[in-house]
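> this one's sequence-less:
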């Protein structure tokens, strides 16, 4: 069994709440630590085992470059889907079958292959349900949800993307209806509309339990979060309230509401709603935010006692600049050079699927009219001016190969700036958890995050 070091810094005035954003992929070994500066992590060793011998390729290279695809964006998305096998959103044979039908780097073949599997799974689920096999139907609907989600990941707001999202949402709703009340769709009052979400419980007894708020990130949905953490949380005795905010899932696809930097205006209505739910222990509330989520919110929302930030973006704008060509970085802040910035970014998009995917997606979810307009809109997305107001006890999670948008460095910067009680947790390639938000290894991540939370919340 791997040894894990745990130390937590506890300043005198630790009270409540989390806040955050992020956006990327990262590197290191699994380690818990506490203190003003996160230490270099050491790879876990098997008790009594000798040092492993050198391999022809290091773990990171073998994991990152040799799993089904060479195109990094396809690799990341496939690892995401495969990781969800652990919580019932996939089956290995199905995923390998889909991958075998995809031409590496061809987004249309990607869409067709995943959509074909999703349609098959949905048909199977419908047939199971019609024959009275409710459990089998629920399982197949869950896998159809994941496959439809995968089919639409490169279709930003166009008709095919909307249809894929709708089909995935509908499949999940059917699965929820078969869960015997353990997954309940909810609508959360928010300004002039409502936020979609799910209340997920260990059973339908309405027993008072600690509540975990689950907030998705830059490119996630509420359904994703059920598989990533919700299903595991209820096994440990938590109630979960999963929700989407502006720029995410339904809020951008159907309601057309883009991301906003003042995320406290989103999280506070969610907490207000949570306080009205049966079975919620209002003094034992935590929040989890992966990737680019929960920005700034917990510097203002003081009713949440514990926070988990999986990734720790300090400034989305500064991190984005790190990913731009040097020629763009030199002129990006000059309004007079906006047309040149747009031309250079468009040129780079033509060279790289990953870069094209990142820019196109962000143009859509931030409602930006051009790359230069996007970069301008990203400037307010920072915690630099509010990090000192965070009072929640925090777990900051990092991943050793998380390189996009400078996330690996920014997570450490955020951790070091926190003045509340804090713990640092870093994953690496030794268990395949080195990528952004530990994609492909959700059980490795959730085990360690829930261990930390269990010790504080004690459900």
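Sure, I can see it. As the structure is a computational prediction, the values presented were derived from the model and not from experiment. Numbers count the residues shown, from 1 in each chain.
> Every contact and neighbour count from this point should use C-alpha atoms.
Will do.
> Contacts only, for the nearest residue to residue 135 once chain neighbours are set aside.
Of all residues not flanking residue 135 in the chain, residue 178 sits nearest, at 7.5 Å (CA to CA, 6 or more residues apart in numbering). By CA atoms under 8 Å, 6 or more residues apart in numbering, the contact set of residue 178 is 134, 135, 138.
> and those residues, which are buried?
Among the contacts of residue 178, those classed as buried by 16 or more other CA atoms under 10 Å are 134, 138.
> Tell me the one among the contacts of residue 178 nearest to residue 121.
The nearest member of the contacts of residue 178 to residue 121, counting by CA to CA, is residue 138 at 10.7 Å.
> Centre of the chain to stretch 358-370, how far?
In this view, stretch 358-370 has its centroid 18 Å away from the chain centroid, taken as CA atoms, centre = their mean, to the nearest Å.
> what's in contact with that stretch?
Residues from elsewhere that reach stretch 358-370, judged by CA under 8 Å, 6+ apart: 156, 157, 247, 248, 252, 258, 259, 342, 349, 371, 374, 377.
> pLDDT score assigned to the closest residue to residue 300 other than its chain neighbours?
Excluding the flanking residues, the one nearest residue 300 by CA to CA, 6+ apart is residue 264, at 6.4 Å. Reading off the confidence values, residue 264 has pLDDT 93.
> ok, now how distant is residue 264 from residue 252?
As judged by CA to CA, to the nearest Å, residue 264 and residue 252 stand 18 Å apart.
> swap in residue 301?
Residue 301 sits 24 Å away from residue 252, going by CA to CA.
> quick one: which of the two has more around it?
Set residue 301 next to residue 252 and count neighbours by other CA atoms under 10 Å: residue 301 wins out with 23 against 20.
> thinking the more buried one is in contact with residue 265, fair?
No: the criterion here is CA atoms under 8 Å, and residue 301 misses it with residue 265 at 9.2 Å.
> Start and end of stretch 83-102, how far apart?
19 Å.
> Give me the residues contacting it.
68, 81-82, 109-110, 113-114, 117, 139, 142-147, 227-228, 231-232, 439-443.
> if we go to 7 Å?
68, 81-82, 109-110, 113-114, 117, 139, 142-143, 146, 227-228, 231, 439-442 (CA atoms under 7 Å, 6 or more residues apart in numbering).
> In that stretch, which residues are buried?
If you call a residue buried by 16+ other CA under 10 Å, then stretch 83-102 has these buried ones: 83-91, 94-95, 98-99, 102.
> now, which of those residues sits nearest residue 220?
residue 84 (13.4 Å).
> And the closest one, how far from residue 411?
25 Å.
> Residue 333: neighbour count?
Residue 333: 14 neighbours (other CA under 10 Å).
> Hmm, I typed the wrong one, I wanted residue 173.
21.
> tell me the pLDDT at it?
On pLDDT, residue 173 comes in at 98.
> for residue 298, same thing?
Turning to residue 298, the model gives it a pLDDT of 89.
> now residue 57
47.
> Disregarding residues adjacent in the polypeptide, which is nearest to the residue nearest to the spatial centre of the chain?
Computing the C-alpha centroid of the chain and ranking residues by CA atoms, centre = their mean puts residue 290 first, at 3.9 Å. The shortest distance from residue 290 to any non-neighbouring residue, by CA to CA, 6+ apart, is to residue 310 (4.7 Å).
> any idea how far that neighbour is from residue 247?
Taking CA to CA as the measure, residue 310 falls 19 Å from residue 247.
> quick one: the strands in the stretch 1-150 of the chain?
Under the criterion DSSP state E, counting those that start in this stretch, the stretch 1-150 of the chain contains strands at 31-33.
> which is the next helix or strand following the strand ranked longest in the chain?
In the chain, assigned by DSSP state E, the strand with the most residues is strand 280-290. Once strand 280-290 ends, the next helix or strand along the chain (criterion: DSSP states H and E) is strand 306-310.
> other SSEs contacting that following strand?
Helices and strands touching strand 306-310, by 3 or more CA pairs under 7 Å, 6 or more residues apart in numbering; DSSP states H and E, are strand 280-290, strand 393-399.
> tell me the most buried of the ones you listed?
Sort these by mean neighbour count, taking mean count of other CA atoms under 10 Å, and strand 393-399 sits at the top with a mean of 29.
> Indicate each strand paired with that one and its parallel or antiparallel sense.
With DSSP bridges as the test, strand 393-399 is paired with strand 306-310 (parallel), strand 422-427 (parallel).
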